[in-house]
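**Q** All I have is the shape, not the residue letters:
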């Protein structure tokens, strides 16, 4: 535990040392939010669109900016380190778990980033308070937090598994791109998943992507029934456990066939 | 000039060879390129399935904007973004010295030292899609309109190359901005929808400081014969101004560059 605490502190120091990435992440994500806010502001009418009012859709992108900063755990650097061999010195020759080493690094990054995201979200909220929706009670807030924690484990474990494919493929950029595409559409990043047509919508509720992002959002906007929330938690936990098991399997197999030069 | 052209061809050949080294990645990526080409169009289509227009632009016009936006960013991913993305590593490891000490223009070398042929298939498919949807919008698109469409795309790419190059140069101070790739993608995404949806302060920012109209809105207006001549002049003006400013900023930054090693 002590060694992971050391990795965590190292991660926090890194985040403060290299402030540029944090700044550009903030601006980039804010641009995405501004775009979607502008789109929905430009659309007239007060009726519901795919089960959401216009104000709920505006709120969706403000909350999603904050949530994406909390649960956006993507340690794709692992694939790069496998490719260039630096994983040997960083992980293989040390008595540490790759999973928890990467987890602490991301935890450190998000400890800092969540404050910056909060500043942007609160500022946006102050300007658009007449349009945005906030109707969370304490119970729903607790469900929202719990669903976000499940989402962190699903998205992080999936990203680690995808990175580990580099053991076999060496250059595995395309896997990351596929992951992103599914995340954006089926995970509810670009639009609430109620916008998806019938069959795709059904698939989204079974596949892990919904539980990486959309599920906490649906709880926030109270778009699902109690039964659906219980179902959602069961499926989300199933995917989190399944992906952690898959990580262990891929790691064991990958290390056996891995060869590296010069590091 | 001949020497620079020869370097350009050599680097492009090297990029192709590098791509073919990882053949599985190349084949799958080429197939995925087709998927990517229509991915953004699909997401725009999800909104358009529920509304009649966005910012006064009809469904097919918005689809044309989205397709043009994908074409614009794919072209930049072909030969500008891959090189700029590596700049932070050049700074962090001190490898920028290799480019600075070569007997060629350092900015030229840094800007095009890496070609990525992965988006090639995507570019071909998206051009075919644009031709198809533009044809359905208007039967009278002439060669002149097509020429101005490409002219606006090219001028836009020069403007955004200058802008992104200047932002990349900030690595000299920040040392490791490893996520510029995501930032560039976010800027590209703002141009996916009509420029007129951005109001007030964002309207000013996206018209003059990050002129996203050149990513899709102006080229599509040119294709549909609605582009004001003032916007063509504005594009030329921005090309000149952005080139001067980014070159000045590059020279200014180089004076503050201290190598990390090598």
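**A** Received, thanks. Note that the structure is predicted; figures quoted are calculated from it, not measured.

**Q** Let me see the ranges of the helices in the stretch 1-150 of chain B.
**A** Using DSSP state H, counting those that start in this stretch, the helices of the stretch 1-150 of chain B run over residues B:2-21, B:23-48, B:59-79, B:81-85, B:87-93, B:96-100, B:106-112, B:120-137, B:143-169.

**Q** how about these in CSV, adding distance to residue A:124 and mean pLDDT?
**A** C-beta: built from backbone N, CA, C; applies to glycine. What follows is these, written out as CSV (distance: least, C-beta to C-beta, whole Å; pLDDT from 0 to 100):
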stretch, distance to residue A:124, mean pLDDT
helix B:2-21, 41, 85
helix B:23-48, 21, 77
helix B:59-79, 24, 91
helix B:81-85, 29, 87
helix B:87-93, 29, 82
helix B:96-100, 38, 84
helix B:106-112, 35, 88
helix B:120-137, 33, 89
helix B:143-169, 23, 95
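
**Q** Could you dump those into TSV and include distance to residue A:176?
**A** Formatted as TSV, the helices of the stretch 1-150 of chain B follow (distance: least, C-beta to C-beta, whole Å):
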stretch	distance to residue A:176
helix B:2-21	17
helix B:23-48	11
helix B:59-79	14
helix B:81-85	14
helix B:87-93	18
helix B:96-100	27
helix B:106-112	24
helix B:120-137	16
helix B:143-169	21
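
**Q** now for those, which one comes closest to chain A?
**A** Within the helices of the stretch 1-150 of chain B, the stretch nearest chain A is helix B:23-48; the backing value is 4.4 Å (C-beta to the nearest C-beta).

**Q** Now do the closest one: which elements does it pack against?
**A** Using 3 or more C-beta pairs under 8 Å, 6 or more residues apart in numbering or on different chains; DSSP states H and E, the elements in contact with helix B:23-48 are helix A:173-186, helix B:59-79, helix B:120-137.

**Q** Of the ones you listed, which is nearest residue B:219?
**A** Smallest distance to residue B:219 across the helices and strands packed on helix B:23-48 (C-beta to C-beta): 5.5 Å, for helix B:59-79.

**Q** Would you indicate which residues of the closest one are buried?
**A** Judged by neighbour count (16 or more other C-beta atoms under 10 Å in any protein chain shown), helix B:59-79 contains these buried residues: B:59, B:61-79.

**Q** Okay, angle between that helix and helix B:2-21 too, please.
**A** On the basis of axes from the mean of the first three to the mean of the last three C-alpha atoms, to 10 degrees, helix B:59-79 is oriented at 100 degrees to helix B:2-21.

**Q** and the residue of chain A found nearest chain B, which of the three is it?
**A** Chain B sits closest to residue A:20 of chain A, with a gap of 3.0 Å, by C-beta to the nearest C-beta. Of the three states, residue A:20 takes helix under DSSP: H, G, I helix; E, B strand; the rest coil.

**Q** I'd like the distance between it and residue B:88.
**A** 8 Å (C-beta to C-beta, to the nearest Å).

**Q** Quick one: neighbours of the residue of the stretch 1-150 of chain B found nearest chain A, just the number.
**A** The nearest approach of the stretch 1-150 of chain B to chain A comes at residue B:22, 3.9 Å away (C-beta to the nearest C-beta). Each residue near residue B:22 was counted by other C-beta atoms under 10 Å in any protein chain shown, and the total is 18.

**Q** Quick check, it in contact with residue A:170.
**A** Yes: using C-beta atoms under 8 Å, residue B:22 is in contact with residue A:170, at 6.3 Å.

**Q** which residues does the residue lying closest to residue A:121 once chain neighbours are set aside contact?
**A** Residue nearest to residue A:121 in three dimensions, not counting chain neighbours: residue A:66, with 4.5 Å by C-beta to C-beta, 6 or more residues apart in numbering or on different chains. For residue A:66, the contacting residues are A:117, A:118, A:121, by C-beta atoms under 8 Å, 6 or more residues apart in numbering or on different chains.

**Q** Just confirm the first one is within a helix.
**A** The one in question is residue A:117. Yes: applying three-state DSSP, one finds residue A:117 inside a helix.

**Q** does the residue lying closest to it once chain neighbours are set aside sit in a helix or strand, and which one?
**A** Once flanking residues are discounted, residue A:117 sits nearest to residue A:69: 3.7 Å by C-beta to C-beta, 6+ apart. Secondary structure from DSSP states H and E places residue A:69 in helix A:54-71.

**Q** What's the first helix or strand after the helix or strand containing residue A:103?
**A** Assigned by DSSP H and E, residue A:103 belongs to helix A:98-127. Toward the C-terminus, helix A:98-127 is succeeded by helix A:138-164 as the next helix or strand (DSSP H and E).

**Q** touching chain B at all, whichever helix or strand comes after that next one?
**A** Next helix or strand after helix A:138-164 toward the C-terminus (DSSP H and E): helix A:166-169. Yes: counting by C-beta under 8 Å from any C-beta of the partner chain, contacts between helix A:166-169 and chain B involve residue A:169.

**Q** could you say what helices and strands helix A:166-169 packs with?
**A** With contacts defined as 3+ C-beta pairs under 8 Å, 6+ apart, the packing partners of helix A:166-169 are helix A:77-84, helix A:226-257.

**Q** how about it: buried residues?
**A** Across helix A:166-169, burial judged by 16+ other C-beta under 10 Å covers A:166, A:167, A:169.

**Q** Could you report the neighbour count for the residue lying closest to the last one once chain neighbours are set aside?
**A** The one in question is residue A:169. In space, residue A:169 comes closest to residue B:24 once its chain neighbours are excluded; the distance is 6.0 Å by C-beta to C-beta, 6+ apart. Neighbours of residue B:24 under the rule other C-beta under 10 Å: 13.

**Q** Likewise for the one 3 residues further on?
**A** Other residues within reach of residue B:27, judged by other C-beta under 10 Å, total 11.

**Q** One more: residue A:251?
**A** 18.

**Q** Same check on residue B:37?
**A** For residue B:37, using other C-beta under 10 Å, the count is 23.

**Q** That one: what's it in contact with?
**A** Counting by C-beta under 8 Å, 6+ apart, residue B:37 touches B:70, B:74, B:122, B:125, B:126, B:129.

**Q** Could you pick out the buried ones from the contacts of residue A:66?
**A** Among the contacts of residue A:66, those classed as buried by 16+ other C-beta under 10 Å are A:117, A:121.

**Q** Quick one, which of the helices of the stretch 1-150 of chain B gets closest to residue B:190.
**A** Nearest to residue B:190 among the helices of the stretch 1-150 of chain B is helix B:59-79 (9.4 Å), distances taken as C-beta to C-beta.
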